[in-house]
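Undergrad: here are the coordinates; sequence isn't available:
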């Protein structure tokens, strides 16, 4: 069984500050890991994915995430927050078995202060 | 190209009524998924289709929930005798093959409110 934990249901940063959203996972097999962003009243948009290639993954909108097997973590970062980054962020894991069902964390709402 | 399309975008209905939610996946995507997102929570998996078959129905919360897919395209999620706890956003996603390294592409969801 897989699980995903996102520490901090709400994170607030100032515009221009570092964004760090935490994700820890458990999986019995090498996982595939994803970060999605959800803007109000919209579906989920893929930010980036880890699929066993480079451990540092670059995504859209200046976001990146680093897979650390020893820490079972896949934290999302962005060097400088923009107001437009305010949204809800979800970390998800798949074990790659048939169907690729995603298990999601509870989400982190990012607020950006001017 | 067009993304995943869901209809209706909003549905308000009375407790006890049946509802049908529709999903049009990205053309050519063989895998299709339904998830439920309750207010302030993450997504929970409901059901997965590969082609028109549903090998994994483990997430359906009760026998009031059913889903089908036809023509390896459109899918409908049906909820019978709706209850207030069914109120949620229902999200559909598709992926090209269902393989583990393939990202899922999501629609904007159907917001279901049960009065």
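TA: Okay, I see it. Everything quoted here is computed from the prediction, not taken from an experiment.
Undergrad: what about the residue of chain B found nearest chain A, neighbour count?
TA: Closest to chain A within chain B is residue B:100: 2.7 Å, counting by C-beta to the nearest C-beta. (Glycine included, C-beta is placed from N, CA and C.) By the other C-beta atoms under 10 Å in any protein chain shown criterion, the neighbourhood of residue B:100 contains 20 residues.
Undergrad: from what I can see it touches residue A:51, true?
TA: Yes: at 7.4 Å, residue B:100 counts as touching residue A:51 under the criterion of C-beta atoms under 8 Å.
Undergrad: overlap of the contact sets of those two?
TA: Common neighbours of residue B:100 and residue A:51, using C-beta atoms under 8 Å, 6 or more residues apart in numbering or on different chains, are residue A:32.
Undergrad: can you pull out the low-pLDDT segments for chain A?
TA: Residue ranges of chain A with pLDDT under 70: A:96-99.
Undergrad: what parts of it come near chain B?
TA: By C-beta under 8 Å from any C-beta of the partner chain, the part of chain A that sits against chain B consists of A:4, A:32, A:34, A:36, A:41-46, A:49, A:51-52, A:90, A:92, A:94-107.
Undergrad: show me which of those are buried.
TA: Buried members of these, counted by 16 or more other C-beta atoms under 10 Å in any protein chain shown: A:4, A:32, A:34, A:36, A:43-46, A:49, A:51, A:90, A:92, A:94-96, A:99-107.
Undergrad: pretty sure residue A:109 contacts residue A:13?
TA: No: assessed by C-beta under 8 Å, residue A:109 is found out of contact with residue A:13, at 11.8 Å.
Undergrad: which one of the two has more residues nearby?
TA: residue A:13 (19 against 16).
Undergrad: so what's that one up against?
TA: A:19, A:81, A:110, A:111, A:112, A:113.
Undergrad: ok so the third one is a strand residue?
TA: In this case it means residue A:110. Yes: secondary structure of residue A:110 (DSSP: H, G, I helix; E, B strand; the rest coil): part of a strand.
Undergrad: ok, it touching residue A:83?
TA: No: in this structure, residue A:110 is not within contact of residue A:83 by C-beta under 8 Å, at 10.8 Å.
Undergrad: so for these two, which residue has more residues nearby?
TA: Neighbour totals were compared for residue A:110 and residue A:83, and residue A:110 leads with 21 against 10 (other C-beta under 10 Å).
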